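**Q** Return atomic coordinates for the entry below.
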Amino acid sequence: MKSFPFSLDKSKQNKFVSLATSAIAALALAGGVNAVNATPIKTLTAKELTSVSIPSTQTQQSVTQSVTGQIPYQAMGIEPLIIIPVIIIGGCFFFGGLVVIGEREVGIVVKKFTLSGKGLPPGRLIALNGEAGLQADTLAPGWHWGYWPWQYAVKKESVIVVPQGQIALIVAADGASNPPERILGKIVECDNFQDARKFLTKGGEKGRQIAFITAGTYRINTALFKVITAGNASLEGMRPEQLKIYEIAAEKVGIVTTLDGSPIAAGEIAGRAITGHNNFQNGQKFIDAGGQRGLQEQVLLSGSWNLNPWLVNIEQVPMTEIPIGYVGVVISFVGEEQEDVSGASFTHGNLVNQGHKGVWVEPLYPGKHPLNTKVMKVELVPTTNIVLNFTDRISGQHGYDTNLKALKLLSFDGFSFDLEIFQIIHIGASDAPKVISRLGSMQNVIDQVLRPIVGNYFRNSAQEYTILDFLIARSERQVEASEYVKSALRAYDVQAVDSLIGLITPPNELMHTLTDRKIAEEQRKTYEVQQMAQTQRQMLVRETAIADIQQDLVKSEQGVTIAELQANAQIQQATGEAEAIKLKAIAGAEGIRATGNAKAETYRTGVQAVGLQGYTAMQLMEIVGDHHVRIIPDIIVGGNNGSNNGLADGLLSMILWNQTNSKTHPESKIPTPPPLPNPIVPKPESTNQNS
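**A** Take a look at the predicted model:
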């Protein structure tokens, strides 16, 4: 019912007539009561009235009794002129059907009966056409006439207040039925559920609504709509925080799961991305655009969102972080169909562009990326050099070498030994998608490629050498291994930087032998060092002694030098004298030769002049004369005188002669007569000449 207007139509004129009739009946009833029950009573003064104390309960009972006529009102001490207006006004309210709605209230009207007996259609709860029952129209704040209590009941409800930062959900008790494939009622234009008539006439559906109301004050017909707020959420089986504006923290991503919409297509794991629904805040647009229920490909970024928890569930996960020194290879399980862009040369898998299913050809570089990790997988690939340790002693922080152990090798001579290997590898950023497309993950690169290649090479290499040769020539084995592994890993788009041999653990018995040998070798070196030390000590002593006799040594050295110089001088002098003697001898020989030649020429001439015998005799006489040769001896020893001492006398005579000769001529010497030269015998003249 509406409030009474001043311009009256026919129906409202009937209400006015009824109101006037009710007023006249009330006045008549009041006059009859006064005429029947009036008795003279003492009139109280004002002082007496103020002194009278009437409890509130007694006052209420007196009023009731005055109306029913069981107790005369005179006993209450109230003037009839005061009670009569009260009765008249009460009659107007009661018989005129006046309802007053406060400014923070809304009136819910229930019609008890209709004169025509018209009832609600089957399956309907709210009356739209004056039927008996809950009415769609509510009473706004103000005075409303014509709602007689015997026909209407008006329930006053407080307005709905949704605080800031919260939302309220709506459950409709009446309306059209939801389609079987839907669980939430569609949105209709009904002034945020404040106009129940529009909701019902425009096709609003019963049950939970996809629409919700945000912060504000609403006059809602609570007979049709149940409003769930944070204050009463626990009574409806919900948590108060579900009715708050949903906030996604910074550096996090909201993964969305919708509870209504069309089913996801077969073979898909998430609903395709839909635009135009303002990040799931307008659920009806999401449904109308073909949104699918279940996990969604689209994500929500950090911020505050008005979301219907009956439509959207959010799971917050951290953004995908790609550390420095890595790239992220994206493996997408949703998107457009695969379209390989790897090229004909790459035959080990498919690479696709961003937004397609498969391995994305472009990796993610260091930073934080808002990815849906429920529908995408990101494989981290290190782009810096990483060391893979084939040993139990050391494990890298990257964790890829957890399953790597020291290699157990068998040598050519039958010894088993353990070998540690440290392999350094590098994967380029542009090659990372190829590596993941081929092998699936970095751990597979280590377990399925690197470990077999390295292990197989060293096992084969060890069987070609004895263990001692392997130990001694480990540097050569390391170089060979590095070249082999580089070549083998290049086929898998992995760069082998270097292969390093670590600790080699031979058998214990061989180690004892090597240890003894090493000890002996070290002892030998020790002895050599000691020997060198002794030699050095001897040299020190010698040098010390030399230093002590340095002055004498210098003198000796100078004496030796002087002697050498003197010897050289004498040699030079002797050489000069020899040369002089030689020259003198040569000159004498030349002179003798010249003299001889002259004498020979003289002899030849003399022979020619006097003959050979004559000239010879002349020469002999000349020699005897020149050299004083005695032809007759000075002492003649003989025995003619008859003496037997002739020899002794002769000897004594020679001695005396020599002594006398030496005293007389002490410096004279009797020269030994020179040998006679060979006589030059002239050639005999030929017979022809003589003749």
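
**Q** what about the stretch 501-650 of the chain, any weak spots by pLDDT?
**A** Applying pLDDT under 70 to the stretch 501-650 of the chain flags the ranges 628-650.

**Q** Look up how far residue 519 lies from residue 513.
**A** 11 Å (C-beta to C-beta, to the nearest Å). All C-beta spots, glycine's among them, are computed from the backbone N, C-alpha and C.

**Q** Neighbour count: those two, which is higher?
**A** A side-by-side neighbour count of residue 513 and residue 519, using other C-beta atoms under 10 Å, places residue 513 first with 13 against 10.

**Q** any idea which helix or strand comes after the helix or strand harbouring the more buried one?
**A** Per DSSP states H and E: residue 513 is located in helix 508-548. Sequence order places helix 550-610 as the next helix or strand after helix 508-548, per DSSP H and E.

**Q** Please point out which parts of the next helix or strand after that next one sit buried.
**A** The first helix or strand that comes after helix 550-610 along the chain, using DSSP H and E, is helix 612-626. Of the residues in helix 612-626, 612, 615, 616, 619 count as buried by neighbour count, 16 or more other C-beta atoms under 10 Å.

**Q** where does helix 612-626 sit relative to the chain's centre, distance-wise?
**A** Remark: helix 612-626 is offset 136 Å from the chain centroid, using C-alpha atoms, centre = their mean, to the nearest Å.

**Q** list the helices and strands that helix packs on?
**A** In terms of contacts (3 or more C-beta pairs under 8 Å, 6 or more residues apart in numbering; DSSP states H and E), helix 612-626 is packed against helix 550-610.

**Q** I'd like to check the angle between the helix it packs on and helix 508-548, please.
**A** Helix 550-610 runs at 70 degrees relative to helix 508-548, counting by axes from the mean of the first three to the mean of the last three C-alpha atoms, to 10 degrees.

**Q** what about dumping the CA coordinates of stretch 557-574 to PDB?
**A** Presented in PDB, the C-alpha positions along stretch 557-574 are these (Å, rounded to 0.1, in the frame of the first residue of the first chain):
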ATOM      1  CA  GLU A 557     149.200 -15.000  -7.200                       C
ATOM      2  CA  GLN A 558     151.200 -11.800  -7.800                       C
ATOM      3  CA  GLY A 559     154.500 -13.800  -7.400                       C
ATOM      4  CA  VAL A 560     153.200 -16.400  -9.900                       C
ATOM      5  CA  THR A 561     152.300 -13.600 -12.300                       C
ATOM      6  CA  ILE A 562     155.700 -12.000 -11.800                       C
ATOM      7  CA  ALA A 563     157.400 -15.400 -12.400                       C
ATOM      8  CA  GLU A 564     155.300 -15.900 -15.500                       C
ATOM      9  CA  LEU A 565     156.200 -12.500 -16.700                       C
ATOM     10  CA  GLN A 566     159.900 -13.200 -16.000                       C
ATOM     11  CA  ALA A 567     159.700 -16.600 -17.700                       C
ATOM     12  CA  ASN A 568     158.100 -15.000 -20.600                       C
ATOM     13  CA  ALA A 569     160.800 -12.400 -20.700                       C
ATOM     14  CA  GLN A 570     163.500 -15.000 -20.500                       C
ATOM     15  CA  ILE A 571     161.800 -17.000 -23.200                       C
ATOM     16  CA  GLN A 572     161.700 -13.900 -25.300                       C
ATOM     17  CA  GLN A 573     165.400 -13.200 -24.500                       C
ATOM     18  CA  ALA A 574     166.300 -16.800 -25.200                       C
END
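
**Q** what's next to that stretch, contact-wise?
**A** By C-beta atoms under 8 Å, 6 or more residues apart in numbering, the list of residues contacting stretch 557-574 from outside is empty.

**Q** what would the buried residues of helix 612-626 look like in CSV with distance to residue 196?
**A** Below are these laid out as CSV (distance: C-beta to C-beta, whole Å):
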residue, distance to residue 196
612, 196
615, 197
616, 196
619, 194
